[in-house]
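Asks: Quick one: sequence plus predicted model below, questions after.
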Amino acid sequence: MNLKEGGHMKKGCILIVDDERTVCETLSEVLKEEGYETETAFDGEEAIQKIGKQKFDVVFCDLRMPKLDGLKVLEKVEEISAETFFIVITAYGSMETTLEALKKGAYDYVVKPLIFDDVLLKLRHLLAFKKLSVEHRLLKDSVTDQFAFDNVLGQGPEMKAIYSLMQKVAATQTTVLITGETGVGKEKLATAIHHQSAQKEKSFIRICCASYKEYQLDQALFGEEGIFAKHEGTLFMDEIGDLTPSLQLKLMQLLQAGLKSLRLIVSSTQDLAKEVSKQAFREDLYYRINVIELKIPPLRTRKNDIPFLVKYFVRSLSEELGKKIKYVTDETLEILMNYPWKGNIRELQNILERAILLSDNDTQFLSVHHLPSELISQSSDAAHYNFKDAMHQHEIKHIQWVLEKNRFDKKKTAQDLGLSLSSLYRKIEELSMPIQ
């Protein structure tokens with residue numbers, strides 16, 4: 001990896017496999033500009049030939065291709081180069097085949113149309129993660145925060161929009177407000193912003209405003225030895241809506257004077273605009289902290305993220321707990337996708353950790369009997385759909401959502417979904433969707 005070409009140090013060797021030549025060639029050029037060594041293949045047979053001759057750090061591979069599909073390529077990678085990371089290239093609506101690849105060992109996925117900044121960010125994190133020793137990989141907080149926030153929070157179109165905005169603000173000193181229900185991952189997103197910022201080598205300090213009495217919080221924040229006086233880096237003020245009026249005034253005065261060494265990120269589960277209207281939160285402070293708002297949607301509104309969140313948590317928790325679990329059964333996934341998840345991602349993580357802890361050492365797939373009985377009973381839709389029917393319903397909802405977002409512009413919708421226009425029309429016909 002010490003070879004140089006065109007002035008760039010080689011960072012890793014990447015194989016890109018897709019029968020769409022434009023996808024292959026464009027991604028290859030982007031990666032070469034960033035210093036990666038790349039090879040391309042336009043069908044499964046060519047990909048397998050190259051995998052047999054050369055070791056790759058990462059393989060990006062479409063699943064639907066002529067001659068041999070991507071699942072066959074994945075099998076070959078697993079057979080002869082298990083240390084290679086296999087990343088699926090998929091259209092977001094193509095859930096079922098992507099899910100099959102994740103079960104068979106694919107590490108992750110990227111969604112067409114490719115957002116190159118997202119691909120580069122994922123690749124940097126993945127190769128940095130690969131360099132870590134097994135011991136360091138078990139330091140879950142640092143690994144998760146630094147390398148896997150996109151897996152922990154989801155990769156659907158709703159979250160992609162948040163990541164795109166996050167990357168724009170990360171390099172600035174702008175104050176960021178993160179909102180969303182309990183358990184959606186506000187602290188994870190704040191940590192991700194810190195790791196993408198100029199302060200990443202400095203401290204990330206979290207303080208929950210709801211956890212302290214007023215005098216304790218006053219001293220911790222504004223005292224002579226307090227955070228604002230002595231620390232550099234990023235300060236994450238969780239549940240800022242719980243600040244008392246006097247502390248709101250102090251914070252407002254400090255922000256007006258300007259922060260020199262600290263970048264401020266705040267979060268709230270409350271609707272601060274409503275708190276302002278009730279005169280429970282200062283209006284001037286609200287506008288001061290709400291320069292950029294990142295609003296994380298609840299998990300129940302983006303159920304297509306659930307299979308991939310499950311994959312991530314099963315993989316990481318199994319490694320941490322010394323188990324060999326690969327994934328969950330179709331019936332189990334069906335129940336998880338139909339549960340309301342009032343506690344959002346945090347609740348999903350806790351449920352899976354409990355299930356893994358209670359599983360036998362030889363368990364490879366978590367089944368329904370590993371789940372709490374109350375979760376099964378509350379998964380009200382589970383009895384109505386088998387796995388394929390559940391995915392069918394979510395595919396309809398997702399395509400409908402993208403169509404509505406684009407005001408039923410089918411050409412733009414096809415682009416956003418990573419489909420050709422003719423493929424979108426086929427999907428609409430197959431799914432018997434009511435379209436304007």
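Replies: Good, I have the coordinates. Residues are numbered from 1 along each chain as shown.
Asks: how does the chain divide up, domain by domain?
Replies: With automatic domain parsing as the criterion, the domains of the chain are listed as 4-131, 151-296, 300-378.
Asks: Do me a favour and average the pLDDT over the last one.
Replies: Domain 300-378 shows a mean pLDDT of 89.
Asks: sorry, back to before: so for L424, which of the domains of the chain sits nearest?
Replies: Closest to L424 of these is domain 4-131 (Cβ to Cβ; 9.0 Å). (C-beta placed from N, C-alpha, C; glycine too.)
Asks: Show me what the mean pLDDT comes to for the closest one.
Replies: For domain 4-131, mean pLDDT rounds to 84.
Asks: how far does that domain sit from the chain's center?
Replies: Distance, stretch centre to chain centre, for domain 4-131: 18 Å (Cα atoms, centre = their mean, to the nearest Å).
Asks: ok, now stretch 395-404?
Replies: With Cα atoms, centre = their mean, you get 20 Å for stretch 395-404.
Asks: Send me it as CSV with only the CA atoms.
Replies: The C-alpha trace of stretch 395-404 is given here as CSV (Å, rounded to 0.1, in the frame of the first residue of the first chain):
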residue,chain,number,x,y,z
GLU,A,395,-41.9,-1.0,-0.6
ILE,A,396,-45.2,0.5,-1.6
LYS,A,397,-45.0,3.0,1.2
HIS,A,398,-41.5,4.0,0.3
ILE,A,399,-42.1,4.5,-3.4
GLN,A,400,-45.3,6.4,-2.6
TRP,A,401,-43.3,8.7,-0.2
VAL,A,402,-40.7,9.5,-2.8
LEU,A,403,-43.4,10.1,-5.4
GLU,A,404,-45.2,12.6,-3.1
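Asks: how far away is L15 from K50?
Replies: For L15, the distance to K50 (Cβ to Cβ, to the nearest Å) stands at 6 Å.
Asks: K67 now?
Replies: Counting by Cβ to Cβ, the gap from K67 to K50 is 14 Å.
Asks: Between L15 and K50, which contacts overlap?
Replies: Both L15 and K50 are contacted by E39, A41, under the criterion Cβ atoms under 8 Å, 6 or more residues apart in numbering.
Asks: which of those two has more neighbours?
Replies: A direct count of neighbours by other Cβ atoms under 10 Å for L15 and K50 places L15 higher, at 26 against 17.
Asks: I'd like to know how many residues surround L165.
Replies: 14.
Asks: so it sits in a strand?
Replies: No. Going by DSSP: H, G, I helix; E, B strand; the rest coil, the assignment for L165 is helix, not a strand.
Asks: now the helices: where do they sit in the stretch 1-150 of the chain?
Replies: Assigned by DSSP state H, counting those that start in this stretch, the stretch 1-150 of the chain shows helices spanning 21-33, 44-53, 70-80, 95-103, 116-131, 134-137, 140-147, 149-153.
Asks: And the stretch 301-436 of the chain, by the same measure?
Replies: Using DSSP H, counting those that start in this stretch, helices in the stretch 301-436 of the chain cover 306-321, 330-338, 344-358, 373-378, 387-405, 410-417, 421-430.
Asks: what's in contact with the third one?
Replies: By Cβ under 8 Å, 6+ apart, the residues outside helix 344-358 that reach it are 152-154, 180-185, 298-299, 306, 309-310, 313-314, 317-318, 321, 323, 325, 336, 341, 343, 366, 370-372, 375.
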